[in-house]
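*Asks:* the following comprises the amino acid sequence and a computationally predicted model.
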Amino acid sequence: MTARLRHLTTLENLPRATIEHLLDRAIAMRDACAHGTRKLDVLAGRTVLNLFFEPSTRTRTSFELAARRLGADVVNFDIGFSSTAKGEALYDTLHTLEAMHLDAIIVRHKVSGTPEELVRHAMSGVSVINAGDGNRAHPTQGLLDVLTIRQHRPDFDNLVVTICGDIRHSRVARSDVHALTALGTKEIRLCGPAALLPEAEEFPQCRFITNFDDAIQGADVAIMLRLQKERMAATELPDEAAYFRQYGLDCKRLARAAKGCLVMHPGPLNRGIEIASDVADGAQSRILEQVANGVFVRMAVLGEVLAR
Amino acid sequence: MTARLRHLTTLENLPRATIEHLLDRAIAMRDACAHGTRKLDVLAGRTVLNLFFEPSTRTRTSFELAARRLGADVVNFDIGFSSTAKGEALYDTLHTLEAMHLDAIIVRHKVSGTPEELVRHAMSGVSVINAGDGNRAHPTQGLLDVLTIRQHRPDFDNLVVTICGDIRHSRVARSDVHALTALGTKEIRLCGPAALLPEAEEFPQCRFITNFDDAIQGADVAIMLRLQKERMAATELPDEAAYFRQYGLDCKRLARAAKGCLVMHPGPLNRGIEIASDVADGAQSRILEQVANGVFVRMAVLGEVLAR
Amino acid sequence: MTARLRHLTTLENLPRATIEHLLDRAIAMRDACAHGTRKLDVLAGRTVLNLFFEPSTRTRTSFELAARRLGADVVNFDIGFSSTAKGEALYDTLHTLEAMHLDAIIVRHKVSGTPEELVRHAMSGVSVINAGDGNRAHPTQGLLDVLTIRQHRPDFDNLVVTICGDIRHSRVARSDVHALTALGTKEIRLCGPAALLPEAEEFPQCRFITNFDDAIQGADVAIMLRLQKERMAATELPDEAAYFRQYGLDCKRLARAAKGCLVMHPGPLNRGIEIASDVADGAQSRILEQVANGVFVRMAVLGEVLAR
């Protein structure tokens, strides 16, 4: 039995039981939706606000659908994305929203730590849910990724998971590692150009491998990350084609992985850069399951933090 | 008895019975709203998503109101309008949205054929409704136009309908011709500067007339199209004043039409360019009826494609 | 007993009884919300449209929350803010929206008088609510300000209220003066650089004071206005620091006011320009109460104009 979450800002240091509870809750949401219940009423009369300082139509829509399916109202608070909205202005925005009696604020911000700042400065009973902050955390993505893995391979203590790409700047990778670690994953391999790997001290529990052929060898799960094109310069790779040759997941490389290796990607895809189209659309791809699970995980999180 | 529609991408080749069924359904929607029912619940728990790659606040709002009045949830998925979002990226967006378990996608795109592309690539039970693609089709506009005509003149086999303006680039004109043809309209006249008329082979059932005085003569319905100002260059007309002199509908020209000729325009109006203000606001104008019918037609279409 | 309002465009010349009735209604809304009713259904099936020609996320969100808490649907009609949308185009937009059978239009426009123009040209039963027009009126802000004052000091005939800042260009100040005058406020002081004060003839009931130390002396309420930075040039002040020295509310100045003087600001704050942070966040600040009251006042106004 774990204490109820009031906020969700990161998966780091979250107990295994809490993560498993949220995954179980997501499955319950999925089953309720599958059994013809198009809309639950558990959050009727509650109001959830999307506070996105970075544009992300996919994630915002996933949260919006999750909230509406629970019967909540959703308000999109469209901050000008150019505005830095830092420091005191951010707290004034927070306090203004709190005064309007919102139940939850879903925040995305390019500055790492913003969700915790909001939690620290919140004066009322509002819940803060992190929809991605800087390169630090994207906890609902981490949850939906382990949920997707668990549906196929619940035996985390037997699993080798390879995460490949720009790990250094990836909040997705961080939340994935946090969740995989909590669930007792046998081996987590981090792969990418040396310049795009994090410091070894950050993830002592992981193996760092720069050669993707080695990193994919025998893996049960391959999580490919989206390459931000402005990061290419930091690597010594001349162009995207070279990146794909060294770090792209194609059929040949996938054949080096364990049989039935799950292929995952947080989206949106750069086809032909980090992943080949035939792999992205192939039988082992779980990419669209990830998207579907995203809604269920967000329903679970909203239901958890807003339960009375 | 016609098969139920699952998508609505074009009116071309739609059977007369299907079109009449949708118009009857729109009237039923109108009557339900008029009798004090502010909101029907037939789509409660269903989710409709607006996927507009071109901005169109009027059409988006009309669809949004239609969906909400049927009890559906509406999500606006705001694609950056500058993004071309073509090819595979479009399908990835589609599949992502399908994975989120939406019931209908209302799409507007500047590339003709995009809605059919979505239908071809859809993997789930999602319905696709075309809110305008390139210069090819705008089927709900076509339906609302013939609904407006039918309310005053149900005798299509007696009617002369004149459509005037930039027919060549008009999806409205195409959907109007498709609907009018299906309903057995006696005579459809297409009028405009020669450079803005379509190829004669496209509409063998229509009469092409470049002189508007001739085209309006004895017409029972005049549908005036909005002139996109960047199209002026293709004509040999020096300016908008000259366009209005030759192709604008003013009182004097309206007097050449049949008594009680219905004046229609899909909006928004360029007053003094394709239509004189006193005609747009005059007793024969049906322009605001078109807007009202737009909501009822979209309710009918959503009700049809989303019926269980 | 006063006649029911159908529109709310300004507080000017509104009878005291009408203003008190709206404030009482706002309190009833607050109490209903406080007693656990998360959502009232009095406007179920009604549709409210936000027509904002100037961006204002805070005010739009406050109206949106108010409408949703009464059970209404809310549609945001996103006019390109660069578009002037003047003259006939504005009326065409109005008539188009009316034809879609909306119940209320909440309008913000930079041109003073736009809400009245909409009322004059409205053809149907739609209600128009002003969310701020030019420098003329922001009636719901005026109402929420006097509601906030009344909760602490209902004895308006004993009160000295000081409004400080760019009064000349402030719709907030105008609506505040209208409401305070109607409620019989003992003394209203207008303070600011001479270039930013209105003509004396506009407010014969007010005292004009350019020295803020004098204006705050013995005041029971201090309403600080946001300084639009482009207005600095009109004053003879060299910079914002100089403005703060002369017209900013800090602790020392607040000590000149009457004991317990209420500190108010319509937001968003320019901390260190018109108000010191410790005052904005201090025990006498009512700024967040203003925000909370904003939602209740807007519920009251929507409930009033849309009652059947």
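*Replies:* Perfect, thanks for sending it.
*Asks:* residue nearest the centroid of chain A?
*Replies:* Centroid-nearest residue in chain A, with C-alpha atoms, centre = their mean: A:Gln141, separated by 1.7 Å.
*Asks:* off-centre distance for the lowest-mean-pLDDT helix or strand in chain A?
*Replies:* Across the helices and strands of chain A, mean pLDDT, DSSP states H and E gives its lowest value to helix A:87-99, namely a mean of 86. Centre-to-centre, helix A:87-99 and its host chain are 26 Å apart (C-alpha atoms, centre = their mean, to the nearest Å).
*Asks:* any stretches of the stretch 101-250 of chain A with poor pLDDT?
*Replies:* The model of the stretch 101-250 of chain A has no residue with pLDDT under 70.
*Asks:* roughly how far apart are the residue nearest to the centre of chain A and A:Leu5?
*Replies:* To A:Leu5, A:Gln141 is 17 Å away according to C-beta to C-beta, to the nearest Å. In this view, the C-beta of every residue, glycine as well, is placed from N, C-alpha and C.
*Asks:* can you count the residues close to the closest residue to chain C within the stretch 1-150 of chain A?
*Replies:* Proximity of the stretch 1-150 of chain A to chain C (C-beta to the nearest C-beta) peaks at A:Gly45, 2.8 Å away. Other residues lying near A:Gly45 total 18 when counted by other C-beta atoms under 10 Å in any protein chain shown.
*Asks:* kindly report the same for A:Leu40.
*Replies:* Counted by other C-beta under 10 Å, the residues lying close to A:Leu40 total 16.
*Asks:* all helices of chain A, in order?
*Replies:* Taking DSSP state H as the test, the helices found in chain A are A:16-34, A:57-69, A:87-99, A:114-121, A:139-152, A:171-182, A:212-216, A:240-247, A:251-254, A:277-280, A:287-306.
*Asks:* buried sites along the first one?
*Replies:* Meaning helix A:16-34. The neighbour-count check on helix A:16-34 (16 or more other C-beta atoms under 10 Å in any protein chain shown) flags A:Thr18, A:Ile19, A:His21, A:Leu22, A:Leu23, A:Arg25, A:Ala26, A:Ile27, A:Met29, A:Arg30, A:Ala32, A:Cys33 as buried.
*Asks:* distance of the closest residue to the fifth one other than its chain neighbours from A:Ile27?
*Replies:* Taking C-beta to C-beta, 6 or more residues apart in numbering or on different chains as the measure, A:Leu23 lies nearest to A:Leu147, with 5.0 Å between them; neighbours along the chain are not counted. A:Leu147 sits 8 Å away from A:Ile27 when distances are taken as C-beta to C-beta.
*Asks:* mutual contacts of these two, please.
*Replies:* Common contact partners of A:Leu147 and A:Ile27 (C-beta atoms under 8 Å, 6 or more residues apart in numbering or on different chains): A:Phe296.
*Asks:* A:Pro238: neighbour count?
*Replies:* For A:Pro238, the count of nearby residues is 9 (other C-beta under 10 Å).
*Asks:* between the buried residues of helix A:16-34, which is closest to chain B?
*Replies:* Checking the buried residues of helix A:16-34 against chain B by C-beta to the nearest C-beta gives A:Cys33 as the nearest, at 7.0 Å.
*Asks:* residues contacting the closest one?
*Replies:* Shown in contact with A:Cys33 (C-beta under 8 Å, 6+ apart): A:Arg69, A:Phe296, B:His101.
*Asks:* specify the beta-bridge partners of A:Thr162.
*Replies:* Beta-bridge partners recorded for A:Thr162 (DSSP bridges): A:Arg189, A:Ala222.
*Asks:* thought it was touching A:Ile223?
*Replies:* Yes. The criterion here is C-beta atoms under 8 Å, and A:Thr162 meets it with A:Ile223 at 7.1 Å.
*Asks:* contacts for stretch A:284-293, please.
*Replies:* The contact list for stretch A:284-293, computed with C-beta under 8 Å, 6+ apart, reads A:26, A:30, A:62, A:144-145, A:147-148, A:151-152, A:254, A:260-267, A:269, A:279-280, B:95-96, B:98-101.
*Asks:* just the buried ones from those residues?
*Replies:* In terms of neighbour count (16+ other C-beta under 10 Å), the buried residues within the contacts of stretch A:284-293 are A:26, A:30, A:62, A:144-145, A:147-148, A:254, A:261-267, A:269, A:279-280, B:95-96, B:98-101.
*Asks:* how far away is A:Asn158 from chain C?
*Replies:* Separation of A:Asn158 from chain C (C-beta to the nearest C-beta, to the nearest Å) stands at 46 Å.
*Asks:* ok, how many other residues are close to the residue nearest to that residue when sequence neighbours are not counted?
*Replies:* Counting by C-beta to C-beta, 6+ apart, A:Asn158 lies nearest to A:Lys186, which is 5.7 Å off, once chain neighbours are set aside. Look at A:Lys186: counted by other C-beta under 10 Å, it has 13 neighbours.
*Asks:* thought A:Arg153 was touching A:Lys186, still the case?
*Replies:* No. Counting by C-beta under 8 Å, A:Arg153 is not a contact partner of A:Lys186; they are 10.9 Å apart.
*Asks:* please identify every residue contacting each of the two.
*Replies:* Shared contacts of A:Lys186 and A:Arg153, defined by C-beta under 8 Å, 6+ apart, comprise A:Leu159.
*Asks:* picking up where we left off before, who's in contact with the residue nearest to A:Leu23?
*Replies:* Applying C-beta under 8 Å, 6+ apart to A:Leu147 gives the contacts A:Leu23, A:Ala26, A:Ile27, A:Asn293, A:Phe296, A:Val297.
*Asks:* A:Gly184 against A:Glu20, yeah?
*Replies:* No. Using C-beta under 8 Å, A:Gly184 is not in contact with A:Glu20, being 10.7 Å away.
*Asks:* would you confirm that A:Leu65 contacts A:Val295?
*Replies:* Yes. Contact criterion C-beta under 8 Å: A:Leu65 and A:Val295 qualify, at 5.4 Å.
*Asks:* spit out the residues that contact these two alike.
*Replies:* Shared contacts of A:Leu65 and A:Val295, defined by C-beta under 8 Å, 6+ apart, comprise B:Met100, B:His101.
*Asks:* how much space between the residue nearest to A:Asn158 and A:Val172?
*Replies:* Here the criterion is C-beta to C-beta. By it, A:Lys186 lies 21 Å from A:Val172.
*Asks:* which ones are touching A:Arg58?
*Replies:* A:Arg58 sits in contact with A:Gly267, A:Pro268, B:Thr96, where contact means C-beta under 8 Å, 6+ apart.
*Asks:* turn the buried residues of helix A:16-34 into JSON lines, columns for pLDDT.
*Replies:* Shown next, in JSON lines, are the buried residues of helix A:16-34 (pLDDT from 0 to 100):
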{"residue": "A:Thr18", "pLDDT": "97"}
{"residue": "A:Ile19", "pLDDT": "98"}
{"residue": "A:His21", "pLDDT": "97"}
{"residue": "A:Leu22", "pLDDT": "98"}
{"residue": "A:Leu23", "pLDDT": "98"}
{"residue": "A:Arg25", "pLDDT": "97"}
{"residue": "A:Ala26", "pLDDT": "98"}
{"residue": "A:Ile27", "pLDDT": "97"}
{"residue": "A:Met29", "pLDDT": "95"}
{"residue": "A:Arg30", "pLDDT": "94"}
{"residue": "A:Ala32", "pLDDT": "89"}
{"residue": "A:Cys33", "pLDDT": "85"}
